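> 3D model of this:
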Amino acid sequence: MVTQGLHDIGVRVALGASRRDILSLVVARGMELAGPGIVLGLLGALALTRAMAALLFGIGAHDVTTFLGAPVFLVAVALLACYVPARRATRVNPMVALRDD
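Numbering: from 1, shown residues only. Take a look at the predicted model:
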């Protein structure tokens, strides 16, 4: 998204957007993609608990720690995956970004 939106980011920086604005924009757009995937995965896991109960050993099918820990871990990974390109986007030189068009 950062590479494809380089021109837009360059325009925003040229118009006075702060680094924090660019960082929050890129992270928010990335989390808009990751959030629904995590929620759908959690709902799917909840729906399949009965079918999977026979395959689980040493843990219950409705283990709260697992159902809370996995989404928290995935959110942390998604935030990190969004943060790295967002930091790169904050370093965009508006003149270079606008000239590449």
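> how many neighbouring residues does the residue lying closest to Tyr83 once chain neighbours are set aside have?
Closest residue in space to Tyr83, ignoring its immediate chain neighbours: Val27 at 6.2 Å, by CB to CB, 6 or more residues apart in numbering. Heads up, the C-betas are built off the backbone N, CA and C, glycines and all. The burial count assigned to Val27 is 19, neighbours taken as other CB atoms under 10 Å.
> dump the residue contacts of Val27.
79, 82-83, 86 (CB atoms under 8 Å, 6 or more residues apart in numbering).
> try 10 Å this time
By CB atoms under 10 Å, 6 or more residues apart in numbering, Val27 lies in contact with 78-79, 81-83, 85-87, 89.
> buried set for the helix or strand hosting Ala81?
With secondary structure defined by DSSP states H and E, Ala81 is part of helix 64-90. Within helix 64-90, the residues scored as buried using 16 or more other CB atoms under 10 Å are 74, 78, 82, 86, 89-90.
> chain center to it: distance?
The chain centre lies 6 Å from the centre of helix 64-90; the measure is CA atoms, centre = their mean, to the nearest Å.
> next one: stretch 17-37
Distance of stretch 17-37 from the chain centroid (CA atoms, centre = their mean) equals 8 Å.
> which parts of that stretch are buried?
17, 22-23, 25-27, 30-31, 34.
> averaged pLDDT, that stretch. What do you get?
The pLDDT scores in stretch 17-37 average 92.
> quick revisit: which helix or strand contains the residue nearest to Tyr83?
For Val27, the host element (DSSP H and E) is helix 19-47.
> what helices or strands is the helix or strand following that helix leaning on?
Downstream of helix 19-47, the first helix or strand assigned by DSSP H and E is helix 49-52. Helix 49-52 is packed against no helix or strand, with contacts defined by 3 or more CB pairs under 10 Å, 6 or more residues apart in numbering; DSSP states H and E.
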